[in-house]
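A.B. asks: need a 3D model of the sequence below.
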Amino acid sequence: MSSVDIATWILAPLLGLMIFLFIFRIVLTWYPQVDLKRFPFILVALPTEIFLIPTRKIVSPIGGVDISPIIWVGIVSLIREILLGQQGLLTMMSRS
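C.D. replies: Below is the predicted model of the structure:
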């Protein structure tokens with residue numbers, strides 16, 4: 001097993017999990033009464049908040065809606081496609 005294969009095995013689930021967490025975070029914004037500091041919501045808030053705090057400083061809420069999780073779903077999806085997609089960098093490297 002090459003280092004490219006190992007990187008693929010690590011990155012694929014990690015990036016997929018991050019997309020899932022950001023989508024779950026988008027759903028949680030529909031329920032403002034949810035306390036993100038309580039279990040089980042803290043399991044979603046902790047890994048995503050690291051990315052969302054600096055993004056909120058750059059992109060302010062539009063109409064009172066926080067769009068930073070939507071931005072991160074796009075960014076992580078793009079990274080996943082560039083690295084692991086059908087024509088992705090790691091995919092092409094593993095074929096050669």
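A.B. asks: can you pull out the strands in this protein?
C.D. replies: For the chain, applying DSSP state E gives no strands.
A.B. asks: distance-wise, check the residue nearest to Ile19 when sequence neighbours are not counted relative to Met18.
C.D. replies: Spatial nearest neighbour of Ile19, excluding adjacent residues (C-beta to C-beta, 6 or more residues apart in numbering): Val76 at 5.2 Å. Bear in mind the C-beta positions are built from the backbone N, C-alpha and C, glycine included. With distances taken as C-beta to C-beta, to the nearest Å, Val76 is found 5 Å from Met18.
A.B. asks: okay, and the common contacts of the two?
C.D. replies: Common neighbours of Val76 and Met18, counting by C-beta atoms under 8 Å, 6 or more residues apart in numbering, are absent.
A.B. asks: where does this structure dip in pLDDT?
C.D. replies: Within the chain, no stretch has pLDDT under 70.
A.B. asks: which stretches of it form helices?
C.D. replies: Secondary structure of the chain (DSSP state H): helices at 3-28, 42-58, 68-84, 89-95.
A.B. asks: could these go into TSV alongside mean neighbour count?
C.D. replies: Listed next are the helices of the chain as TSV, based on neighbours: other C-beta atoms under 10 Å:
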stretch	mean neighbour count
helix 3-28	15
helix 42-58	14
helix 68-84	17
helix 89-95	13
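A.B. asks: nearest to Val34, out of these?
C.D. replies: Comparing the helices of the chain by their distance to Val34 (C-beta to C-beta), the top pick is helix 3-28, with 5.6 Å.
A.B. asks: now do that closest one: distance to the chain's middle.
C.D. replies: Taking the mean of its C-alpha atoms, helix 3-28 sits 7 Å from the chain's own mean (C-alpha atoms, centre = their mean, to the nearest Å).
A.B. asks: what inclination does that helix have with respect to helix 68-84?
C.D. replies: 160 degrees (axes from the mean of the first three to the mean of the last three C-alpha atoms, to 10 degrees).
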